[in-house]
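**Student:** let me see the structure of the following:
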Amino acid sequence: MDDYLRILLKDPDQYVQRRALLAMAERTSSSAAECAWKRITDDDFMLRLVSLRILEELVSSRLIEALELLSSDPHPLVRQEVESIIGNGYGTQLD
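**Tutor:** Below you'll find the predicted structure:
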């Protein structure tokens, strides 16, 4: 199943990629965290948002770095999610 999800992560449809990443997060957290990190700077703001949420949910060691990268994201929903995560006590190392 994981091989199939990895194939779907390469689908040209961004929605399919997001759903595959979410499904992967439910099945194999280490693979999902790795794939989410690779997409944290994707052109699609929804994929960045989903990736950030997955890194938070999985308590990834890359979460702080992701918060730093996305703190000045051009899309307001991504910036709002960053602020929400920081407000919940994550990313307290950000200055």
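
**Student:** please enumerate the strands of this structure.
**Tutor:** Counting by DSSP state E, the chain has no strands at all.

**Student:** those helices in it, which residues are they?
**Tutor:** Along the chain, counting by DSSP state H, helices occupy 2-8, 14-27, 29-38, 45-57, 63-70, 76-87.

**Student:** highest average neighbour count across those?
**Tutor:** Of all these, helix 45-57 carries the top mean neighbour count, a mean of 21, counting by mean count of other CB atoms under 10 Å. To be clear about C-beta, it is placed using only N, CA and C from the backbone, and glycine gets the same treatment.

**Student:** contacts for that one?
**Tutor:** 14, 17-18, 21-22, 25, 32-33, 36-37, 39-42, 60, 62-63, 66-67, 70, 73-75, 77-78, 81-82, 85, 90 (CB atoms under 8 Å, 6 or more residues apart in numbering).

**Student:** which elements pack onto the worst-scoring helix or strand of the chain on mean pLDDT?
**Tutor:** Least confident helix or strand of the chain, by mean pLDDT, DSSP states H and E, is helix 2-8 with a mean of 90. For helix 2-8, the elements it packs on are helix 14-27, helix 29-38, judged by 3 or more CB pairs under 8 Å, 6 or more residues apart in numbering; DSSP states H and E.

**Student:** only alpha carbons, please: show it as PDB.
**Tutor:** Extracted C-alpha coordinates of helix 2-8, given in PDB (Å, rounded to 0.1, in the frame of the first residue of the first chain):
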ATOM      1  CA  ASP A   2       2.800   2.400   0.800                       C
ATOM      2  CA  ASP A   3       4.300   2.000  -2.700                       C
ATOM      3  CA  TYR A   4       0.900   2.900  -4.100                       C
ATOM      4  CA  LEU A   5       0.700   6.000  -1.900                       C
ATOM      5  CA  ARG A   6       4.200   7.100  -3.100                       C
ATOM      6  CA  ILE A   7       3.000   6.800  -6.700                       C
ATOM      7  CA  LEU A   8       0.000   9.000  -5.900                       C
END
